[in-house]
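>>> Have a look; sequence and predicted model below, questions after that.
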Amino acid sequence: MRISDFIQKIEIVKTNINNPELIIEGISDDSRKVKSNYLFIAIRGFEVDGHNYIKQAIDNGAKFIIAEDETRIPPDVDCCIVENARNVVGIVANEFYDNPSQKIKVIGVTGTNGKTTTTYLLESIINECGYNAGVIGTIDYRYRNTRKKALNTTPSATELVSMLFEMVKAKVDYAVIEVSSHSIDQKRIAGIQFVEGIFTNLTQDHLDYHKTIEEYGNVKKGFFTEHLWKQKELGWGDNGVAILNADDPLTQKIIQGANGKYVTYSMLKEADFSVARSCYKYPKNEIVVKYKNREYPITPKLIGRFNLYNVLTSFATGVSLGLDIDTVIRGIEKLEIVPGRFEQVDEGQDFLVIVDYSHTPDSLSCAIANSRLVTKGRVITILGCGGDRDKLKRPIMGKIAGEGSNYCIITNDNPRTEDPEEIIKEILIGIKESGLSEANYEIISDREEAIRRGIEIAKSGDVLLIAGKGHETYQVIGKKRFDFDDREVARKYLKKLITNRI
């Protein structure tokens, strides 16, 4: 594509273009991925400034630079200067890849909890309806026979758009994307047309980034008011339809700023999609959804009462897309497991071991409540909190664990560059506030040893909840990643336990 085609689409402060007919063969905001005849976009990140890598990008073959600081670009290199490179990267990427989101139906899922499970449910629904689904989310990026490891819930703008482009080539019909608050705020989804946008809920998380829950909520709201319902105005295709959780207070604020279509769903009150009745009796869930004065019973295989919300969300989305209702229900009922989401680890032991990605106060509360529902025995909870992340939630999560569990083991969970012992001290503040006696909690910094200990003390009928990491297959200590999978570690010690009992 000619460089002159890009220039028309973005707001420019200044240009230095010697060859407007220059053909660009690729784009990237990562200098390491730049090849011959690439366009490099220098973005000021939160830890790394892309301007520091302009020379490396040029050495790797970049022929055109988009940046904010012209003094960092050699005078003989074609470039344009913009006020904020982050605001234009999505637009440039979509132009280069010929707007793939206008050739595929894209569904965005945002909210604190439930995003991943909702994407899995929608994938099952879409495939059951005879279409091809692609998913971009926390666990991985996948479509047809392609699967890639996820580094971020929502990848960078250039990676996201290039992946949609690959999905179009692979004849994917629907792409389901987890839309994180970071990706909204950092304009990673700019230029992407969504046919539907889903809001699951808003609870405390990411306050290391957003600073306040109000700011966090405003970013989520902006996905609908400043993106989904402004797509036509911005030249990104038709506006999309919002699927909103009427039980969450933020939905009312979203609706107040509505300038587009939306439908609501609720477990608690009347809505476009509401619940006539529901039943949870381990291991079976049942929910009867009321829609247009008809009732639709659904019996999902996913365990946990909180999954009824995810089922309702997915049902409302599938029906709003115009998919056959009976087939939507079959798709929901076919899904058996979501990795790391209240996932059982079973080696034949006489107690339940559950691994769950409960790393926020609300998700931990739900995981413990659902653990209580599946047992008459004790709930033993292993938890930690991530380093270099929201510190305010640590004592809150400690208190939730102490109040809801019979026994707690406090350990590490991706301490990153923080002192693990300091993180544990902050969790302990909440444990002590909960009133849990000292005899009913212990500190084991080594996560593997904590899991081994949990399995050792679990008795028949108990639930051992290993919270926090879920699907993750690593521990981040310092700035290094080490292989670590809660499920595999638990399986290792469960096998030893069973062997010793024989």
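Looks like it came in fine.
>>> So, low pLDDT: which residues of the stretch 251-400 of the chain?
Along the stretch 251-400 of the chain, no part satisfies pLDDT under 70.
>>> Helices of that one, residue ranges please.
Along the stretch 251-400 of the chain, counting by DSSP state H, counting those that start in this stretch, helices occupy 307-320, 325-334, 361-373, 393-404.
>>> Minimum distance to Val345: which of those has it?
Across the helices of the stretch 251-400 of the chain, Val345 has its closest neighbour in helix 361-373 (13.5 Å, CB to CB). For the C-beta atoms, the positions are set from N, CA and C on the backbone; glycine is no exception.
>>> Using CSV, write out the CA atom coordinates for that closest one.
Only the C-alpha atoms of helix 361-373 are listed here, as CSV (Å, rounded to 0.1, in the frame of the first residue of the first chain):
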residue,chain,number,x,y,z
PRO,A,361,-12.4,-9.5,45.2
ASP,A,362,-15.7,-10.3,43.4
SER,A,363,-14.4,-13.3,41.6
LEU,A,364,-12.8,-14.7,44.7
SER,A,365,-16.0,-14.2,46.6
CYS,A,366,-17.9,-16.1,43.9
ALA,A,367,-15.4,-18.9,43.8
ILE,A,368,-15.6,-19.4,47.6
ALA,A,369,-19.4,-19.1,47.6
ASN,A,370,-19.6,-21.8,44.9
SER,A,371,-17.1,-24.0,46.7
ARG,A,372,-19.4,-23.8,49.7
LEU,A,373,-22.3,-24.9,47.5
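>>> Mean neighbour count and distance to Tyr174 for the helices of the stretch 251-400 of the chain - can I get that in CSV?
Output for these, formatted as CSV (neighbours: other CB atoms under 10 Å; distance: least, CB to CB, whole Å):
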stretch, mean neighbour count, distance to Tyr174
helix 307-320, 25, 10
helix 325-334, 18, 12
helix 361-373, 22, 26
helix 393-404, 24, 34
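>>> Turn these into a markdown table, columns for distance to Leu228.
Listed next are the helices of the stretch 251-400 of the chain as a markdown table, based on distance: least, CB to CB, whole Å:
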| stretch | distance to Leu228 |
| --- | --- |
| helix 307-320 | 13 |
| helix 325-334 | 22 |
| helix 361-373 | 24 |
| helix 393-404 | 28 |
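>>> Any idea which of those gets closest to Asn145?
Nearest to Asn145 among those is helix 325-334; the distance by CB to CB comes to 19.6 Å.
>>> who's in contact with that closest one?
Helix 325-334 is contacted by residues 121, 124-129, 291, 296, 298-301, 311, 314-315, 318-319 when judged by CB atoms under 8 Å, 6 or more residues apart in numbering.
>>> Filter the residues you listed down to the buried ones and express that as a ChimeraX selection.
To isolate in ChimeraX the members of the contacts of helix 325-334 that are buried, counting by 16 or more other CB atoms under 10 Å, one can use:
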select :121,124,125,126,128,129,291,296,298,300,311,314,315,318,319
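>>> Counting only strands, which of the contacts of helix 325-334 make the cut?
Within these, residues falling in strands by DSSP state E are 291, 296, 298.
>>> and stretch 221-231, how far apart are its ends?
End-to-end span of stretch 221-231 (CA to CA, to the nearest Å): 15 Å.
>>> what does stretch 166-176 give?
In stretch 166-176, first residue to last residue: 14 Å (CA to CA).
>>> Past the lowest-mean-pLDDT helix or strand in the chain, which element shows up next along the chain?
Least confident helix or strand of the chain, by mean pLDDT, DSSP states H and E, is helix 207-210 with a mean of 62. Counting by DSSP states H and E, the element after helix 207-210 in chain order, helix or strand, is helix 213-225.
>>> Lys115: which of the ones in strands among the contacts of helix 325-334 is nearest?
Nearest to Lys115 out of these is Ile298 (CB to CB; 20.0 Å).
>>> quick one: contacts for Val355?
340, 343, 345, 466, 469-470, 486-487, 490.
>>> one more time with 10 Å
339-345, 367, 382, 451, 464-472, 485-491 (CB atoms under 10 Å, 6 or more residues apart in numbering).
>>> now do Glu226
Going by CB under 10 Å, 6+ apart, the list of residues near Glu226 reads 184, 218-219, 234, 257.
>>> would TSV of those with distance to Asp30 and neighbour count be doable?
TSV is the format used below for these (distance: CB to CB, whole Å; neighbours: other CB atoms under 10 Å):
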residue	distance to Asp30	neighbour count
Ile184	21	23
Asn218	29	18
Val219	24	21
Leu234	26	14
Gly257	35	13
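>>> What is the most widely separated pair among those?
Asn218 and Leu234 (19.1 Å).
>>> Lys290 - how many residues pack around it?
17 (other CB atoms under 10 Å).
>>> List of residues touching stretch 3-11?
Here stretch 3-11 has contacts from 15, 17, 19-24, 27, 39, 63-64, 66, 78-80, 82-85, 87-89, 91-92, 94-96, 191, 235, using CB under 10 Å, 6+ apart.
>>> buried stuff in it?
Those would be 3, 6-7, 10, for stretch 3-11 by 16+ other CB under 10 Å.
>>> to the chain's geometric centre, what's the distance from that stretch?
32 Å (CA atoms, centre = their mean, to the nearest Å).
>>> Now do it, average pLDDT.
For stretch 3-11, the mean pLDDT works out to 80.
>>> How far does that stretch stretch from one end to the other?
With CA to CA, one end of stretch 3-11 sits 14 Å from the other.
>>> Likewise for stretch 402-419?
Stretch 402-419 has an end-to-end distance of 23 Å (criterion: CA to CA).
>>> for it, what is the average pLDDT?
Mean pLDDT, computed over stretch 402-419, is 97.
>>> do stretch 469-483 as well
The model assigns stretch 469-483 a mean pLDDT of 95.
>>> Distance from that stretch to the middle of the chain?
Averaged C-alpha coordinates place stretch 469-483 at 17 Å from its chain's average position (CA atoms, centre = their mean).
>>> Let me have the contacts of Glu226 in CSV, adding distance to Gly240 as columns.
Below are the contacts of Glu226 laid out as CSV (distance: CB to CB, whole Å):
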residue, distance to Gly240
Ile184, 14
Asn218, 19
Val219, 18
Leu234, 12
Gly257, 15
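>>> ok, so of the residues you listed, who is nearest Asp390?
Using CB to CB, Val219 comes nearest to Asp390 of those, at 14.5 Å.
>>> That closest one and Ile41, how far apart?
According to CB to CB, to the nearest Å, Val219 and Ile41 sit 22 Å apart.
>>> Number of residues surrounding the nearest residue to Gly260 once chain neighbours are set aside?
Distances taken as CB to CB, 6 or more residues apart in numbering put Trp229 closest to Gly260, at 3.2 Å, once the chain neighbours are dropped. Using other CB under 10 Å, Trp229 is surrounded by 22 other residues.
>>> Trp229 reaches Ala258, doesn't it?
Yes: judged on CB atoms under 10 Å, Trp229 makes contact with Ala258 at a distance of 6.9 Å.
>>> what do these two both touch?
Shared contacts of Trp229 and Ala258, counting by CB under 10 Å, 6+ apart, come down to Ala242.
>>> send the alpha carbons of the helix of greatest length in the chain over as PDB?
In the chain, taking DSSP state H as the definition, the longest helix is helix 486-501. Output of helix 486-501 as PDB, limited to C-alpha atoms (Å, rounded to 0.1, in the frame of the first residue of the first chain):
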ATOM      1  CA  ASP A 486      -1.500 -25.000  39.400                       C
ATOM      2  CA  ARG A 487      -3.400 -27.800  37.800                       C
ATOM      3  CA  GLU A 488      -0.300 -29.900  37.000                       C
ATOM      4  CA  VAL A 489       1.200 -29.200  40.400                       C
ATOM      5  CA  ALA A 490      -2.100 -30.300  42.100                       C
ATOM      6  CA  ARG A 491      -2.200 -33.400  39.900                       C
ATOM      7  CA  LYS A 492       1.300 -34.300  40.800                       C
ATOM      8  CA  TYR A 493       0.600 -34.400  44.500                       C
ATOM      9  CA  LEU A 494      -2.800 -35.900  44.100                       C
ATOM     10  CA  LYS A 495      -1.200 -38.900  42.300                       C
ATOM     11  CA  LYS A 496       1.300 -39.200  45.100                       C
ATOM     12  CA  LEU A 497      -1.600 -39.100  47.700                       C
ATOM     13  CA  ILE A 498      -3.500 -41.800  45.900                       C
ATOM     14  CA  THR A 499      -0.400 -44.000  45.400                       C
ATOM     15  CA  ASN A 500       0.400 -43.700  49.100                       C
ATOM     16  CA  ARG A 501      -3.100 -44.700  50.100                       C
END
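>>> Before I go, just wanted to say thanks for your time.
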